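A.B. asks: let me see the structure of the following:
(chains A and B)
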Amino acid sequence: MADFHQTDPIITLHRLGIPRLERIESELVEFSRQRPIALVLPALYTEFQGEAIKGIIEELKKVKYIREIVLTLGRAREDEFKKVREFMSQIPYEVKIIHNEGKRVKEIYATLERNGLHAGEDGKGRSAWIAYGYILANGVSEVIALHDCDIVTYNREMLARLCYPVANPNIDVVFCKGFYARITDKMHGRVTRLLMTPLLRAIQKLVGSNPFIHFLDSFRYPLAGEFSMITDMARINRIPWDWGLEVGVLAEVFRNYSPRRVCQVDIADNYEHKHQLLSAENAQKGLMRMCVDICKSIFRILAAEGVVFSEGFFKSLQVAYLRLAEDTMLKFEADAAINGLVFDRHEEAKAVEAFTNAIKKASEIFLENPMGTPLIPNWNRVISGIPGILDMLKKAVDEDNR
Amino acid sequence: MENYVEMLFEPINNFWKNFFSFLPNLLVMLFVFFIGFLFAWIVRAVVLRVFKVINFDSWCDRVGLTAIIRKGDVWSKPSEVFGLVIFWFLVILFLMIGLSALQLKTIDNLIAQFFLYIPRAFSAILIIIAGYIFTGFLSRAVLIAAVNSGYHYARILAEAVRLLLLVLILSMAFEQLQIAPGIVIAAFSIIFGGIVLSMAIAFGVGGIDAAKRIIEGGGEEKKEGKNEKDKDIEHL
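C.D. replies: Numbers count the residues shown, from 1 in each chain, chains lettered A, B, ... in the order given. A predicted model of the protein is given here:
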């Protein structure tokens, strides 16, 4: 990404010149003395059967500036949890695994539930949230970085670049999101390219200038799952537990901090992870469910910002989106042509059609119930309700890892 | 020959005689066990239902009792834990009552001691529960006050207060349970006295200069005050 364009209002950190990993890492070792860094890895057991995680662990073994790794493991039986523990023991520094299906952590969720604090259903949102809780309970780290465990093209430069802006005390950044291109022989990232960007711009056309839409649109890859933040943010941010997680996190960052303290960083030339099926006919699974959740999340956040939605608005939105998405498709076709990438226009058009349906479905759900999916309460709220919850969580995780 | 046969069967006859005189007691004991077990089970079920109605688990979560239970690596609901404690307490109680039906002198002594110990155990439990809640409240109050006053070591101070009070409460509970009371009191006196003494020494040593300034300042102030008074013009 050899340009140096800054997208207002956030800071964009580019990948310029020849990257010097050793320099960044040695600086991070220094920074981490002042601001210890925790790495959160949300993972399913199935990911440990794949190849990507092996590469990630090999890279993480060489990292010297991470104080603690918190792997939050979902959908794993007791014996599978033990296998993961054994696998993670290769890493020469502190690794804690949160066994979300284990009896102790389940009891933590039950404790929250009976006190009216709904932590949501099993998923990346809830897994990440519980990991933040553990980091807060440990009270060691001041910076939290998070990335997925299915990155095939992972290298430790990604992590270093992701952590750097928040760990560096001379850069006043509280939140940093990664961005990258997702290409193989063709372009991926359909939801960002063909749903998110045209949808945001279509909304902006209809409602006029809106600071939140402007903020979201300034991210090059708003749906990227990789970010770093200061630990205090984990205390005050509420996050959705469904696929609206990334948008929800950005909304909370926007609500609680100045965009001038938010940045995006180019973390890799290319990024490859597992691809979701479109499943255009079924809004309950695959990419369609993700799209519906994302749209719902955007509508709900905008409603909270004061935007009034009506049936007529949503009808206009669908038309405006379709038009913009078709224009966007043409841009990507040209981009693919100059880079010698395969561009299946029919498939892209089908995706746009499916995304239009997703917007329609999301708008119906939103009009029926504007409150939608509640967010997971922030940790400050949880601690005020159950003062001993962090001690309990720490005990649960430490006992599981004993 | 008859004598030999009689001698041979006498112990067996005695055994049967004793056994038949003992059998009603044994049956009573088994009956009491059974009734006790049944009663304990019913009480547990009722208690669990009542706990559910009054949201006992949530209350325990909020006041910190759940956190204490979790520290012992117990991961059942607080209501289940308390239900189980009540259940086993009743089972043991009926076991003792049942054993008393055997009318054996040694067991009777044991039972008498057991019943005498129950009030002590209760008061020890109450001391621990009330003490823990009070400790949490006080340490939080110290934390808030210290943070608001801008003390750098607010958390350490609050933790120290919590630790001291916990030592005090545990000592009181052990003393109540009559578990090595002499050692507990001695240990508590040494620890608490030691802490207070070290604090007094630290305060004394650290405050020498301040005390000197105050004393000297007071003296000078008095002198200056006298001089000032002398200078005052008094009307005749």
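A.B. asks: per-residue confidence at the closest residue in space to residue A:341 that isn't next to it in sequence?
C.D. replies: Nearest residue to residue A:341 in three dimensions, chain neighbours excluded: residue A:186, at 5.2 Å (C-beta to C-beta, 6 or more residues apart in numbering or on different chains). In short, each C-beta sits where N, CA and C put it, glycine included. The model reports residue A:186 with a pLDDT of 92.
A.B. asks: show me which residues of chain B are close to chain A?
C.D. replies: By C-beta under 8 Å from any C-beta of the partner chain, the residues of chain B that approach chain A are B:55, B:57-58, B:61-62, B:64, B:66-67, B:70-71, B:73, B:75-77, B:136, B:140.
A.B. asks: rerun that using 7 Å as the cut-off
C.D. replies: B:57-58, B:61-62, B:64, B:66-67, B:70-71, B:73, B:75 (C-beta under 7 Å from any C-beta of the partner chain).
A.B. asks: rewinding a little: for the residue nearest to residue A:341, give me its contacts.
C.D. replies: Residue A:186 makes contact with A:336, A:341-343, according to C-beta atoms under 7 Å, 6 or more residues apart in numbering or on different chains.
A.B. asks: how much space is there between the nearest residue to residue A:339 once chain neighbours are set aside and residue A:193?
C.D. replies: Distances taken as C-beta to C-beta, 6+ apart put residue A:183 closest to residue A:339, at 7.8 Å, once the chain neighbours are dropped. Separation of residue A:183 from residue A:193 (C-beta to C-beta, to the nearest Å): 11 Å.
A.B. asks: double-check the residue nearest to residue A:339 against residue A:269; I have them as touching.
C.D. replies: No. Residue A:183 lies out of contact with residue A:269 (C-beta atoms under 7 Å); the separation is 9.4 Å.
A.B. asks: who has more neighbours, the two?
C.D. replies: Ranked by neighbour count (other C-beta atoms under 10 Å in any protein chain shown), residue A:183 and residue A:269 place residue A:183 first, with 16 against 13.
A.B. asks: residue furthest from the geometric center of chain A?
C.D. replies: No residue in chain A sits farther from the centre than residue A:312, which is 31.8 Å out by C-alpha atoms, centre = their mean.
A.B. asks: in the chain, which ranges drop under the pLDDT threshold?
C.D. replies: In the absence of a named chain, chain A is used. Applying pLDDT under 70 to chain A picks out residues A:1-2, A:280, A:283.
A.B. asks: actually it's chain B I care about, not the one you picked
C.D. replies: B:1, B:218-236.
A.B. asks: in it, which helix has the most residues?
C.D. replies: Longest helix in chain B, counting residues (DSSP state H): helix B:2-53.
A.B. asks: that helix: what's the following helix or strand?
C.D. replies: Proceeding N to C from helix B:2-53, the next assigned helix or strand is helix B:56-63, under DSSP states H and E.
A.B. asks: just checking, what packs against the helix or strand that that following helix is followed by?
C.D. replies: In the C-terminal direction, the helix or strand that comes right after helix B:56-63 (DSSP H and E) is helix B:65-71. Helix B:65-71 sits against helix A:389-400, helix B:78-100, with contacts defined as 3 or more C-beta pairs under 7 Å, 6 or more residues apart in numbering or on different chains; DSSP states H and E.
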